[in-house]
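Enquirer: fold the following, please.
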Amino acid sequence: MLNAVKTHKGNTFSPQSLSMLLIIVVTRHKDPEWASYKLGIFICLNCSGIHRKLPEISRVKSIHLDFWENDLLEFMKTHGNLWAKAKYEAKVPPFYYIPQSKDCLVLKEQWIRAKYEREEFVATSVCHETDSSGSREGFLWKRGRDSRQFLERRFLLSAREGVLTYYTKESKGPKAVISIKDLNAMFQTEKIRNPHGLQITYSKEGQTRNLFVYHESGKEIVDWFNAIRAARFHYLRTAFPTAPEAELIPKITRNYFKEGYMEKTGPKHNEAFKKRWFSLDSQERNLLYFKDPLDAFELGRVFIGSKEQGYEVQAGLPRGVRKKRWRAGLTIVTPHRKFVFVCENDREQKEWIAALNEVISRPVTA
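Expert: Numbering: from 1, shown residues only. Coordinates of the predicted model:
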């Protein structure tokens, strides 16, 4: 970073000013090239766009391209990411999801707003008892199972009762009562085609049931997500009282390891290949498949065991298997049968093989 600043034609810093920029910082971003000179922190390009929306609390400059006055450099030197983390993240609840670089925009924006605009996690902040306790009530737009239209539905989350329920306008009682034990939630903005799209999954009669919801407010949908995480965290602490917190946090909610279209054939390998949407749940070791990405129920699943149990994934197809459209095949070998799939191209084939091998390489745990 320092060399780039030195060599840029527009920069006329003294050696003393340049040394101020060489600050050892702790950040979630690799080689940040932007900074908020109002907050005194270094940020990445993606986060800089969000900070620009908050001029009352954050002002952004490029480390490489903008001129830095000495008083701003001094401010950066006396603050920095460690200082900001100690102040603005003093009371982040263990269940609260801290977004990573690959996460969707609404998660990143609401994390930044929660920290710096609303100051929800400073030491003097008042705890939001409802969300922290895993309880929440309100309306979300839910996609109909049959109509495929989004309709407003009332949802009620209660960690104390261990359930999430939702109601239709027509029903007197709840339309569904979902156990928090089997509950998962993940943002699926591209799949749902909504920047605030959330997928809620649970097990119903041995099948995966999907609910696709959204809210017009980014804050509201992220608050719902973290309330679900709070309820799940409460359940896990009750179910596994001796487990350390670090082991429970990854189990609160999870994203699918990989998703996408493949074609599959039946167990005899002489049936026509059918295009299906696949979701790899690496934690539960299931490869789920659906007719369409937004289907309410799975069509089926393939359990992915470990290498020690005789599972493996191979590039290509068994001899004699004929394929018509797509050519990049892969075979999942289990102790009982071979599952045959075809990907659209070689890149997709390699990504699916890598993802499946990641699961197969891990031992099966109770």
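Enquirer: C-alpha only now, for contacts and for neighbours.
Expert: OK.
Enquirer: where along the stretch 201-350 of the chain do the helices fall?
Expert: Secondary structure of the stretch 201-350 of the chain, counting by DSSP state H, counting those that start in this stretch: helices at 218-239, 245-248, 346-360.
Enquirer: packing partners of the shortest one?
Expert: Going back to what we said before, that points to helix 245-248. Counting contacts by 3 or more CA pairs under 8 Å, 6 or more residues apart in numbering; DSSP states H and E, helix 245-248 is packed against helix 218-239.
Enquirer: list the buried ones in the helix it packs on?
Expert: 218-236 (16 or more other CA atoms under 10 Å).
Enquirer: contacts for that helix, please.
Expert: Helix 218-239 has contacts (CA atoms under 8 Å, 6 or more residues apart in numbering) with 95-97, 106-107, 110, 131-136, 157-159, 162, 180-181, 183, 185-186, 196, 198, 214-215, 243, 248-249, 252-253.
Enquirer: out of the helices of the stretch 201-350 of the chain, which is closest to Gly305?
Expert: helix 346-360 (5.9 Å; CA to CA).
Enquirer: hang on, the earlier thing: list buried residues within the contacts of helix 218-239.
Expert: 95-97, 106-107, 110, 131-136, 157-159, 162, 180-181, 183, 185-186, 196, 198, 214-215, 248-249, 252-253.
Enquirer: any idea what Leu151 is bridged to?
Expert: In this entry, Leu151 is beta-bridged to Lys142, by DSSP bridges.
Enquirer: ok, now which ones touch it?
Expert: For Leu151, counting by CA under 8 Å, 6+ apart, the contacting residues are Trp141, Lys142, Arg143, Gly144.
Enquirer: just put those in a markdown table and tack on pLDDT.
Expert: Formatted as a markdown table, the contacts of Leu151 follow (pLDDT from 0 to 100):
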| residue | pLDDT |
| --- | --- |
| Trp141 | 98 |
| Lys142 | 97 |
| Arg143 | 97 |
| Gly144 | 94 |
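Enquirer: among those residues, which two are most distant?
Expert: Pairwise over the contacts of Leu151, using CA to CA, the maximum falls at Trp141 and Gly144, 9.5 Å.
Enquirer: quick check: neighbours shared by the two?
Expert: Common neighbours of Trp141 and Gly144 (CA under 8 Å, 6+ apart) are Phe150, Leu151.
Enquirer: ranges for the helices of the stretch 51-200 of the chain?
Expert: 70-78, 81-88, 105-112, 129-132, 189-192.
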